[in-house]
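> Below is the sequence, then the predicted model.
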Amino acid sequence: MENQTVVHEDDTLEDIVFQNRNKAYGAYILRTDYQRVIKIALLGGIGLFCLAIGTPMILANIKNEDKTEVIADVIFCQLSEPPKDIPIEPKVTPPPPQEEVKVHKTIAFNQPEIVEDDKATELPPDQDVLNNTNAQISSVTQEGEIGEIPVDDPDKFKTSEGTAPVEVKVEEDMVFMAVEVVPEFVGGNSALAKFLQKNLRYPRNASEVGIGGKVYVQFIVGKDGNISSIDILKGLGFGCDEEAQRVIKLMPRWNPGKQSGRNVSVKFTLPIVFQLDQ
């Protein structure tokens, strides 16, 4: 008896072809799932294509948003000149107290003059009086102490040799605002710009609201080149001030400033620009 094919109203072409056959065979499965597999493959291919094209564009936008422009020019504060030779008034020594002047006993002995007898007022002492007295010879006769003739101290007549000029010393912990040789980042301004560009990151808060501008940072370059006392003179907020301080703290030692041939501490001001590419 021959096999007869019975066709039902809802049978598909695959059901008619594989009627009375082994449907577990791979060909039947491939035919029934063909449409679904084609749709999945097509959608998956389109998705992969879009991802391959869009990924570089997304990464480029992210990098552009985080790009920070750095100004390498340095603003150096010329607020005041370093102290020069400060005139120092010489120390005035008060004069020593004057000794009490002692009045010595004297006998008048003036050069005799020839006058008439009725006009003579006082006779000079005779030679015996002069020889037997310890009084000093003077132009007048007065009572007082008997002693030697006072002589001024010979040291009073010595010439002054003068005093050496006083050298003005600068305090060791003095911080200068202007010096002969300004401190410098090792390698110059170009190396400073590269360092900032490498380490600065645009804060996300500032990027989201479109904040940009200059942050003025002031710090002290010590005698040994170390950075200290970091302060924000004028900031932007939104994380830009903190980012500028963070990068300044990462800086290596600078070449210190010099005044009169020796290393000194100098106050330094550096502007950093945060700018988003449009």
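Arrived safely, thanks for sending.
> Just the buried residues of the strand ranked longest in the chain, please?
Among all segments of the chain classified by DSSP state E, the strand with the greatest residue count is strand 262-274. Within strand 262-274, the residues that qualify as buried by neighbour count (16 or more other C-beta atoms under 10 Å) are 263-272, 274. All C-beta spots, glycine's among them, are computed from the backbone N, C-alpha and C.
> Leu200: which of those is nearest?
Distances from Leu200 to those, taken as C-beta to C-beta, are shortest for Ile272 (7.2 Å).
> doesn't Gly213 make contact with the closest one?
No. Checked against C-beta atoms under 8 Å, the pair Ile272 and Gly213 is beyond contact range at 9.8 Å.
> shaky segments in this protein?
1-30, 61-92, 97-172, 278 (pLDDT under 70).
> Run through who's touching stretch 47-60.
Under the contact criterion C-beta atoms under 8 Å, 6 or more residues apart in numbering, stretch 47-60 has no outside partners.
> just the helices in this structure please.
For the chain, helices defined by DSSP state H occupy the ranges 13-17, 26-32, 34-65, 127-131, 188-199, 204-209, 240-249.
> Highest mean neighbour count out of these?
Using mean count of other C-beta atoms under 10 Å, the stretch among those with the largest mean neighbour count is helix 240-249, at a mean of 18.
> by how many degrees do it and helix 188-199 diverge?
Between helix 240-249 and helix 188-199, the angle comes out at 120 degrees (axes from the mean of the first three to the mean of the last three C-alpha atoms, to 10 degrees).
> what's helix 240-249 packed up against?
Contact partners of helix 240-249 among helices and strands, from 3 or more C-beta pairs under 8 Å, 6 or more residues apart in numbering; DSSP states H and E: strand 213-221, strand 227-234, strand 262-274.
> now with 10 Å?
Secondary-structure packing of helix 240-249 (3 or more C-beta pairs under 10 Å, 6 or more residues apart in numbering; DSSP states H and E): helix 188-199, helix 204-209, strand 213-221, strand 227-234, strand 262-274.
> Lys249: which of those is closest?
Between Lys249 and the helices and strands packed on helix 240-249, the shortest separation by C-beta to C-beta is 6.7 Å, and it involves strand 227-234.
> and the angle from the closest one to strand 213-221?
Here strand 227-234 runs at an angle of 150 degrees relative to strand 213-221 (the same axes, to 10 degrees).
> Name every strand pairing with strand 227-234 and say which way it goes.
strand 213-221 (antiparallel) (DSSP bridges).
> Alpha carbons of the partner strand, in PDB - could you do that?
This file holds the C-alpha atoms of strand 213-221, laid out as PDB (Å, rounded to 0.1, in the frame of the first residue of the first chain):
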ATOM      1  CA  GLY A 213      38.800  80.500  33.600                       C
ATOM      2  CA  LYS A 214      42.000  81.200  35.500                       C
ATOM      3  CA  VAL A 215      43.000  80.000  38.900                       C
ATOM      4  CA  TYR A 216      45.700  82.100  40.500                       C
ATOM      5  CA  VAL A 217      47.800  80.000  42.900                       C
ATOM      6  CA  GLN A 218      50.400  81.500  45.200                       C
ATOM      7  CA  PHE A 219      53.100  79.500  47.000                       C
ATOM      8  CA  ILE A 220      56.600  79.800  48.500                       C
ATOM      9  CA  VAL A 221      59.700  78.300  46.800                       C
END
